[in-house]
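[1] Sequence and computational prediction follow.
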There are 2 protein chains.
Amino acid sequence: MTSTADRLIDLFATRVREVTPPLFGAAGEAARPVISLAYGLADPDLFPRAELMAAAAEVLAYEAAESLNYAMSYPGLTDQIVERLRAEGVAAQPEQVLVGYGSGQILALLPEIFVDPGDVVIIEGPSFLGAVKRFLQSGARLVTVPVDEHGMDVAALADVLRRLAAEGRRPKFIYTIPTFHNPTGVTLSLERRRQLVALAAEYGVPVVEDDAYLDLRFAGEPLPSLAALDQEGWVIRVGTYSKILAPGLRIGWVYARREIIDRLLMVKAEGTTGPFITRVVARFSAAGRLERHIAALRQHYAAKCAVMAAAIRRHFPAGARFLLPSGGFFIWVTLPAGVSANALLAAARTRGAEFLPGTACFAEPGHGDDAIRLAFSFQSSAQIEEGIARIGAAFNDL
Amino acid sequence: MTSTADRLIDLFATRVREVTPPLFGAAGEAARPVISLAYGLADPDLFPRAELMAAAAEVLAYEAAESLNYAMSYPGLTDQIVERLRAEGVAAQPEQVLVGYGSGQILALLPEIFVDPGDVVIIEGPSFLGAVKRFLQSGARLVTVPVDEHGMDVAALADVLRRLAAEGRRPKFIYTIPTFHNPTGVTLSLERRRQLVALAAEYGVPVVEDDAYLDLRFAGEPLPSLAALDQEGWVIRVGTYSKILAPGLRIGWVYARREIIDRLLMVKAEGTTGPFITRVVARFSAAGRLERHIAALRQHYAAKCAVMAAAIRRHFPAGARFLLPSGGFFIWVTLPAGVSANALLAAARTRGAEFLPGTACFAEPGHGDDAIRLAFSFQSSAQIEEGIARIGAAFNDL
């Protein structure tokens, strides 16, 4: 007689017949006895614990009936998101915003509504593979456009779009992190932003603007978001409270045309996002608290970025090059010729430090072994200094 | 030139080309100036606000780094769920439990992993349409098995399984609410439980045991859950904190074979459930607080059920019949011959009261206009009395 497991396997829907490994993790990694500069975790010292406690207490004291019973996501949080979007020049309406359990959920649902197996999705190389792997899981065929010091190479994108159009293929969307890009830290120039939005309209291809780090600018002047430049509704703007408040609350959002929001709701299995947690975030964010908190974060992350940059200059060999980011969580270092990121990682781990090798940021195998991503967000300044010193020493072990 | 909307529509994946209306709601309904006995909302007077506030404060005071950063669902909550399962005789392991954003999320993800369009899913009639509509959305072909005063008619189920097997069709799962059934309030007898589990193993068909109300027993002795009777792993047990703590926290769970848990994780877009909210629930539930709270809920809901039953006897015509439930949230009333539930609803609304007509509990049109579901969970005893009196008066308006 066959086992239950064997008999069960036949029942699974086609899309999950084969098990793929979970796409999340990172948690607990930082607890290892190495100084990890690998992940873009938030700095726990900056969690506004007292204010969050006050917000939770207020919700339970004044809004228990609305926040603890069956209810939709708190509309007041959506209103706050709309207000922030309008402040940066986006003509957002509340019905164009959907709150989700982290921007990761939104990025995982977008391929659900756009991608049938074999459809083309355009990504940046390098990119945030947490999102890209979800595109792959939905059956997307990825086409990669390179990123340089001014962000996505929009001329290369234009070539890709032209070529695909000639083949009769219309990509389902273009995924970009235009501001303080993950992993490179670069920001898409204004000129290229305009070109990207124009290309989206010309070819009728949505642009998924993942602006997780937008608010964490500590140098230079803000640039308009793609959503602010967009006149026709091709930009899907994804945002999150993970970088500006706390990832563990799991609150992100998407702003897009209503047709897209409606369909995201169809595939968001649990319906809208919980009334309790959305009210806690809104209570915290009210009365200018979120903006004051962001201002403090900017200063703090700027200082840690400067510490890391100085440590890299001190400890890394001269051939290692990087662009100082104006915001975000990461410094991307191009290694001296002939140094392998993965070989360096093995040596660094032996010395008690780690980073993300560039190979973990490209969808295609064989790319990125010449670069590493260093997160200055999580570790203290002292640990950053020590971690970079250890990696610097690891260069000599190769 | 075609509009952006027209050009966008072509891009959507096949499964979301047509927009379906949202499947959730209920929120806000209770705020209407009618006494609504329609929805199984929790009683806000019973929310343990002070204990939840203490739990949230403790999490933020002692576990901020773990609960506010990127992290997996709190394993301690899974351990508590495993412990409760073991206490009722289920040999559960932590890796067989997945915590979700409400049992509604789990019930929406199950068809994602089992159903390819055209596959058969067996449901009860009547049933909880919030789940059933999700099965339909995944393309399932529904086969309904009737429910009587002892729960699902398992002999009828055996006939259905035999017939389908003869046609070469193997159903993907059987969806049942065996304890304090929604909407009828009935409980599946022990004899039928044994038969159902045996049929599942014989035909190799999983049973989705939605036991949302299991802990809210206020009369009679507990029966073993299907999961406790199951020796081969065909039962998928779905549970929730919505009925025993607070729906607005959005915490539910599923216990099943590891093959199923692995695949649910593949389609749970956001990964595991947030570390903050899972820690708050676990802190609240610790040290016997959850069990003490459940004991208080049982007493309270028993009293409200008795108030509703007495009011029905007083205000409804003699031809209206109901079985007094031993737990849960609902009384199901079969109307006197010739009385239409929907006609009665229109009259009741005019008089300022509402209920769920039986037609909203059957997947097939044309069923259920002879019965109504009355929820005693949400309204106060005084409102229950007044609401039933108004509905009773509405009978005379027909």
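    That came through fine.
[2] Give me the mean pLDDT for stretch A:49-69.
    For stretch A:49-69, mean pLDDT rounds to 97.
[3] and if you look at stretch A:203-217?
    Stretch A:203-217 comes out at a mean pLDDT of 97.
[4] Give me the pLDDT value at residue A:15.
    Confidence score, pLDDT, at residue A:15: 82.
[5] Helix, strand, or coil at the residue sitting nearest the centre point of chain A?
    Nearest residue to the geometric centre of chain A (C-alpha atoms, centre = their mean): residue A:212, 5.3 Å. The three-state label for residue A:212, taken from DSSP: H, G, I helix; E, B strand; the rest coil, comes out as coil.
[6] With residue A:331 instead?
    When the rule is three-state DSSP, residue A:331 gets the label strand.
[7] Longest strand in chain A, please.
    strand A:141-148 (DSSP state E).
[8] circling back: hmm, residue A:237 and the residue nearest to the centre of chain A touching each other?
    No. Judged on C-beta atoms under 8 Å, residue A:212 makes no contact with residue A:237 at a distance of 10.9 Å. For glycine as for every other residue, the C-beta is placed from the backbone atoms N, C-alpha and C.
[9] okay, now residue A:210: neighbour count?
    28 (other C-beta atoms under 10 Å in any protein chain shown).
[10] Tell me where the model's unsure across chain A.
    Applying pLDDT under 70 to chain A flags residues A:1, A:21-33.
[11] before we move on, the earlier item: roughly how far out does the following helix or strand past the longest strand of chain A sit from the chain middle?
    Going down the chain from strand A:141-148, the next helix or strand is strand A:151-152, by DSSP states H and E. Put simply, strand A:151-152 sits 15 Å off its chain's centre (C-alpha atoms, centre = their mean, to the nearest Å).
[12] Okay, now the sheet partners of strand A:151-152, with direction.
    strand A:141-148 (antiparallel) (DSSP bridges).
[13] got a list of contacts for the strand it pairs with?
    Strand A:141-148 is contacted from outside by A:118-127, A:132, A:135-136, A:152-153, A:156-157, A:160, A:164, A:171, A:174, A:181, A:184, A:186, A:362-364, using C-beta atoms under 8 Å, 6 or more residues apart in numbering or on different chains.
[14] which parts of it are buried?
    A:142, A:143, A:144, A:145, A:147 (16 or more other C-beta atoms under 10 Å in any protein chain shown).
[15] tell me, how many neighbours does residue A:295 end up with?
    Each residue near residue A:295 was counted by other C-beta under 10 Å, and the total is 12.
[16] tell me which element it falls in.
    Residue A:295 belongs to helix A:289-315, assigned by DSSP H and E.
[17] near chain B at all, that helix?
    No. Using C-beta under 8 Å from any C-beta of the partner chain, helix A:289-315 stays clear of chain B, coming no nearer than 12.8 Å.
[18] Helix or strand next in line after that helix, which one?
    Criterion used, DSSP H and E; the element after helix A:289-315 is strand A:321-322.
[19] partner strands of that next one, parallel or antiparallel?
    Short version: by DSSP bridges, strand A:321-322 pairs with strand A:330-334 (antiparallel).
[20] after the partner strand, next one along is what?
    Toward the C-terminus from strand A:330-334 - assigned by DSSP H and E - lies helix A:341-350.
[21] just checking, what packs against that next one?
    strand A:356-357, strand A:371-375, helix A:381-395 (3 or more C-beta pairs under 8 Å, 6 or more residues apart in numbering or on different chains; DSSP states H and E).
[22] and the longest one, what does it pack onto?
    By that I understand helix A:381-395. If you count contacts as 3+ C-beta pairs under 8 Å, 6+ apart, helix A:381-395 packs onto strand A:35-36, helix A:289-315, helix A:341-350, strand A:353-354.
[23] same check, this time on the second one
    If you count contacts as 3+ C-beta pairs under 8 Å, 6+ apart, strand A:371-375 packs onto strand A:330-334, helix A:341-350, strand A:356-357.
[24] What of the shortest one?
    Counting by 3+ C-beta pairs under 8 Å, 6+ apart, the packing neighbours recorded for strand A:356-357 are helix A:341-350, strand A:371-375.
[25] Quickly list the domain ranges of chain A.
    A:25-40+A:291-395, A:49-287 (automatic domain parsing).
[26] Turn the ones you listed into CSV, including distance to residue B:280.
    Converted to CSV, the domains of chain A look like this (distance: least, C-beta to C-beta, whole Å):
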stretch, distance to residue B:280
domain A:25-40+A:291-395, 17
domain A:49-287, 8
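[27] and among those domains, the most buried is which?
    Neighbour counts (mean count of other C-beta atoms under 10 Å in any protein chain shown) averaged over each of those peak at domain A:49-287, with a mean of 21.
[28] in a strand, that's where residue A:71 is, yeah?
    No. Counting by three-state DSSP, residue A:71 falls outside a strand, being coil.
[29] ok, it touching residue B:250?
    No. Using C-beta under 8 Å, residue A:71 is not in contact with residue B:250, being 10.0 Å away.
[30] tell me which parts of the stretch 101-250 of chain A are close to chain B?
    So far as C-beta under 8 Å from any C-beta goes, the stretch 101-250 of chain A lies against chain B at A:101-102, A:104-105, A:108-109, A:112-116, A:119, A:134, A:137-138, A:170, A:172-173, A:201, A:204-206, A:232-234, A:242, A:246-250.
[31] show me where chain A has helices.
    A:4-9, A:49-62, A:64-68, A:75-87, A:103-114, A:129-137, A:154-166, A:190-203, A:226-229, A:258-267, A:275-285, A:289-315, A:341-350, A:381-395 (DSSP state H).
[32] The first one: which residues count as buried?
    Taking 16+ other C-beta under 10 Å as the neighbour-count basis, helix A:4-9 is seen to contain the buried residues A:4, A:7, A:8.
[33] Name all residues that make contact with the first one.
    Spelled out, that is residue A:4. B:201, B:204, B:232, B:233, B:234, B:257.
[34] again with the second one
    For residue A:7, the residues meeting the contact criterion (C-beta under 8 Å, 6+ apart) are residue B:204.
[35] Which residues does residue A:36 form beta bridges with?
    Beta-bridge partners of residue A:36, as defined by DSSP bridges: residue A:354.
[36] Please report the distance of the closest residue to residue A:179 other than its chain neighbours from chain B.
    With C-beta to C-beta, 6 or more residues apart in numbering or on different chains as the criterion, residue A:179 has its nearest non-adjacent residue at 4.7 Å, and that residue is residue A:214. Applying C-beta to the nearest C-beta, to the nearest Å, the value for residue A:214 to chain B is 19 Å.
[37] what would the contacts of residue A:4 look like in CSV with distance to residue B:19?
    As requested, those are arranged in CSV below (distance: C-beta to C-beta, whole Å):
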residue, distance to residue B:19
B:201, 40
B:204, 36
B:232, 41
B:233, 38
B:234, 36
B:257, 35
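[38] Is it possible to get TSV of the residues you listed that adds distance to chain A?
    Putting the contacts of residue A:4 into TSV (distance: C-beta to the nearest C-beta, whole Å) gives the following:
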residue	distance to chain A
B:201	8
B:204	4
B:232	5
B:233	5
B:234	7
B:257	7
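[39] ok, of those, which one's closest to residue A:354?
    Using C-beta to C-beta, residue B:257 comes nearest to residue A:354 of these, at 35.4 Å.
[40] Which residue is the nearest non-sequential neighbour of the closest one?
    residue B:233 (4.5 Å).
[41] Return the residues in contact with that neighbour.
    Applying C-beta under 8 Å, 6+ apart, the residues near residue B:233 are A:4, A:5, A:8, B:256, B:257.
[42] Looking at these, which is nearest residue A:375?
    Closest to residue A:375, out of all of these and judged by C-beta to C-beta, is residue B:256, at 36.3 Å.
[43] Can you give me the distance of the closest residue to the closest one other than its chain neighbours to residue A:385?
    For residue B:256, ignoring the flanking residues on the chain, the nearest one in space by C-beta to C-beta, 6+ apart is residue B:236 at 4.2 Å. Distance of residue B:236 to residue A:385, given as C-beta to C-beta, to the nearest Å: 51 Å.
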